[in-house]
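S.K.: structure for this input, please:
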Amino acid sequence: IHPVLRQYAQEKLNNEPDVLRATRDRHAAFYVAFLEEYEAIDETSAADVLVDIAIEVENCRTAWQWSVRHNRMQWARRAFPVLGIYYRLHGPFQEGSRVILAAVEELEQRARGRQIEDDDQQQFLCDLFALLAELYNRQAAYTDAVDAALRTINLSTDQQEVGACVKGHLAAAQGYRYQGDYEKAQCHAEQALRLASEHEMKTAFADSLMVLGTVRLYESKYDSANEALTEALSIYRELGSDQNQSRVLNVLGNLCLYQGDYSGAQHYYVQAHQRFQRVGDRQGQAQVLNNLGAVHFHLGSFHEALDSYHQALNIEQETGGMHGISLLYSNLSLLYQQLNDYEAGLRYGQSAELIAQELGARDNQAFALLCIGHARVGQQQWLEAKQAYRHAARLRTALGQDNQALEPQAGLIRVAIAEDVDDS
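M.R.: Numbering: from 1, shown residues only. Model (predicted):
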């Protein structure tokens with residue numbers, strides 16, 4: 001509809017409140033039904049479905065907001081599963097979290113006004129908080145993600161909603177992992193694993209193994225990480241879940257990459273990318289493209305690496321994935337240094353470090369500082385290089401990443417040798 005016609009129609013409706021309400025109700029009912037048509041999304045066609053929803057997302061969002069605001073909770077619950085999948089896979093994550101948070105605040109205010117507990121509403125709040133935690137993690141708002149995850153755990157425990165409780169523990173584990181608190185991350189992942197095992201929740205059990213394996217990977221516990229991830233992949237294959245297989249394949253690729261097995265990493269990443277494309281998971285695609293860029297970089301294929309990085313960066317910027325943007329800036333820093341453009345390398349490294357610091361993502365920050373140190377060495381700025389390397393080494397040590405602390409320590413040795421040569 002042309003904006004002028006829309007404005008005219010809105011003004012006419014505003015003068016007739018009863019007609020406005022009836023019109024809004026019909027609009028909401030229509031788009032709730034539209035979303036319901038996609039409830040049983042086939043993973044092989046999920047990407048096409050998400051594109052269809054994207055065309056109508058403004059109407060879908062308006063229908064959802066009207067349903068929540070005017071207590072059409074049956075409509076809101078019916079629309080929630082597909083709307084949640086859309087924002088989780090397609091983004092933008094900031095928009096999704098704003099929409100869900102507004103619904104949470106509306107329901108909580110309504111509950112306080114009645115001064116009574118509505119079990120159905122409390123159960124719905126569990127699901128809303130679980131999605132909110134995941135969206136916050138995807139946009140790298142880790143403190144908010146952990147807060148929402150803990151609310152999920154508390155509410156779902158009261159309501160005996162085991163599925164939501166598992167999701168809350170997993171979201172908390174992810175948030176703490178990104179912040180570098182691996183002890184808390186492992187604790188929550190193990191809690192999720194225990195609950196999923198006790199209640200024979202096969203998918204949730206595999207999800208818990210994947211998160212636990214990822215935490216162990218970041219702790220440099222490669223053997224136990226591989227064990228957990230391989231078991232998760234076996235379960236996902238048995239269940240026939242492309243989306244979940246893609247996630248664990250990506251992490252298995254990281255496991256190979258961290259150990260210098262670039263052909264193994266590439267093998268896993270290519271499989272993950274194909275599946276992420278099929279299910280329409282845009283952040284998953286960006287993560288794999290970033291990782292494939294890293295493989296190309298280590299193999300000396302710098303132009304292929306640059307192409308992969310820029311494809312990934314476009315997606316992360318569109319979806320609002322700040323964690324991924326920080327990683328990509330660090331990778332671009334290293335790439336430009338290999339091309340002898342140390343000024344661009346320093347600029348990307350500093351941007352990456354600034355974002356990581358704002359996010360509280362200490363692992364990312366340590367990587368960015370390493371890149372800055374390398375760029376300073378390339379510019380023969382020894383003092384600044386030492387400062388960056390020392391800061392990176394302190395962060396790695398604080399995170400318990402002794403293996404990765406060796407890189408900035410080697411950088412310090414390199415600087416010391418270069419200074420001795422200059423003095424002589």
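S.K.: now do Tyr218 against Tyr329, distance only.
M.R.: Here the criterion is C-beta to C-beta, to the nearest Å. By it, Tyr218 lies 20 Å from Tyr329. Every residue, glycine included, has its C-beta placed from N, CA and C.
S.K.: can you get me a residue count around the residue nearest to Arg151 when sequence neighbours are not counted?
M.R.: Counting by C-beta to C-beta, 6 or more residues apart in numbering, the nearest residue to Arg151 once its immediate chain neighbours are dropped is Phe129, at 4.8 Å. A count of nearby residues for Phe129, using other C-beta atoms under 10 Å, gives 27.
S.K.: what about Phe129, which helix or strand?
M.R.: Counting by DSSP states H and E, the element that carries Phe129 is helix 119-138.
S.K.: next helix or strand past that helix?
M.R.: Scanning forward in sequence from helix 119-138, with DSSP H and E defining helices and strands, the next element found is helix 142-159.
S.K.: that next one: which residues count as buried?
M.R.: Using 16 or more other C-beta atoms under 10 Å as the test for burial, helix 142-159 gives 142, 144-153, 155-156, 159.
S.K.: residues of the helix holding Phe129 that come out buried?
M.R.: Burial within helix 119-138, assessed by neighbour count using 16+ other C-beta under 10 Å, is assigned to 121-138.
S.K.: same deal with stretch 101-117?
M.R.: By neighbour count with 16+ other C-beta under 10 Å, stretch 101-117 contains the buried residues 101, 103-104, 106-107.
S.K.: could you dump that stretch to CSV, C-alpha only?
M.R.: Backbone C-alpha positions of stretch 101-117 (Å, rounded to 0.1, in the frame of the first residue of the first chain) are rendered in CSV as follows:
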residue,chain,number,x,y,z
LEU,A,101,11.3,-8.4,25.4
ALA,A,102,8.2,-6.1,24.9
ALA,A,103,6.0,-9.2,25.1
VAL,A,104,7.7,-10.3,28.3
GLU,A,105,7.2,-6.9,29.9
GLU,A,106,3.6,-6.8,28.9
LEU,A,107,2.9,-10.2,30.4
GLU,A,108,4.7,-9.5,33.6
GLN,A,109,2.9,-6.2,34.0
ARG,A,110,-0.4,-7.9,33.4
ALA,A,111,0.4,-10.6,36.0
ARG,A,112,1.3,-8.0,38.6
GLY,A,113,-1.9,-6.1,38.0
ARG,A,114,-4.0,-9.2,38.6
GLN,A,115,-1.9,-10.3,41.6
ILE,A,116,-2.5,-13.9,40.6
GLU,A,117,-0.4,-16.7,39.0
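S.K.: got the contact list for Ala133?
M.R.: Listed by C-beta atoms under 8 Å, 6 or more residues apart in numbering, the contact partners of Ala133 are 145-146, 148-149, 152, 167-168, 171-172, 175.
S.K.: circling back: quick one: the helix holding Phe129 to helix 142-159, angle?
M.R.: When axes from the mean of the first three to the mean of the last three C-alpha atoms, to 10 degrees is applied, the directions of helix 119-138 and helix 142-159 differ by 160 degrees.
S.K.: for the residue lying closest to Leu150 once chain neighbours are set aside, pull up the helix or strand it's in.
M.R.: In space, Leu150 comes closest to Ala172 once its chain neighbours are excluded; the distance is 6.3 Å by C-beta to C-beta, 6+ apart. If you go by DSSP H and E, Ala172 is part of helix 162-178.
S.K.: how far does that helix sit from the chain's center?
M.R.: On the basis of C-alpha atoms, centre = their mean, to the nearest Å, helix 162-178 sits 13 Å off its chain's mean C-alpha point.
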